[in-house]
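1. Based on what follows, work out the 3D shape:
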Amino acid sequence: MTKALKISAIIILMLALSFFSIRYYINNAGKRDIASETTTYEVSSKSIFNEFTLNGAASNMKYLEKPVSISGVVTSIHDKEITLDNSVNCTFLTSVNGVKANQNVTVKGRVIGFDDLLGEVKLDQCSIYKK
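-> The predicted model follows:
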């Protein structure tokens with residue numbers, strides 16, 4: 001009976017360890033600090049927009065999920081979002097302070113795709129980029 005009890009205890013321990021390992025992976029996978037990563041590409045808002053409108057599939061392969069810095073003129077500002085040249089929507093983690101309309105800025109963020117409905121390249125986890 002003690003041998004069966006030991007085997008049962010080991011199996012329960014392994015199942016518990018597997019459960020918590022999988023749970024940790026699910027809760028923490030994909031969380032990146034884009035601000036601390038090196039930018040993969042430095043482009044203007046107009047050029048990245050043109051790339052996505054001309055060949056969306058190739059642009060997704062090139063930019064999707066990568067940290068990029070995009071330069072452009074701020075055309076609209078909302079609490080945690082700015083739009084560059086009416087073509088690139090940048091979502092910040094906190095409210096955008098110190099940025100004004102018609103100001104040239106460079107934004108660093110992760111490309112999450114192209115919104116066909118609004119006609120915008122979408123970025124998240126953005127920050128004002130200073131080289």
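2. Are we agreed that residue 109 is in a strand?
-> Yes - with DSSP: H, G, I helix; E, B strand; the rest coil as the criterion, residue 109 is located in a strand.
3. beta partners of the residue nearest the centre of the chain?
-> Central residue of the chain (Cα atoms, centre = their mean): residue 110, 3.5 Å from the mean position. Note on residue 110: beta-bridge partners by DSSP bridges are residue 67, residue 124.
4. Now do the same contact list for it.
-> 32, 34, 65-68, 123-125 (Cβ atoms under 8 Å, 6 or more residues apart in numbering). The C-beta positions use only the backbone N, C-alpha and C, and glycine is treated the same way.
5. By pLDDT, give me the weakest of the residues you listed.
-> The lowest pLDDT within the contacts of residue 110 belongs to residue 32, with 75.
6. hang on, the earlier thing: buried ones among the contacts of residue 110?
-> Those of the contacts of residue 110 that meet the buried threshold are 34, 67-68, 123-125, by 16 or more other Cβ atoms under 10 Å.
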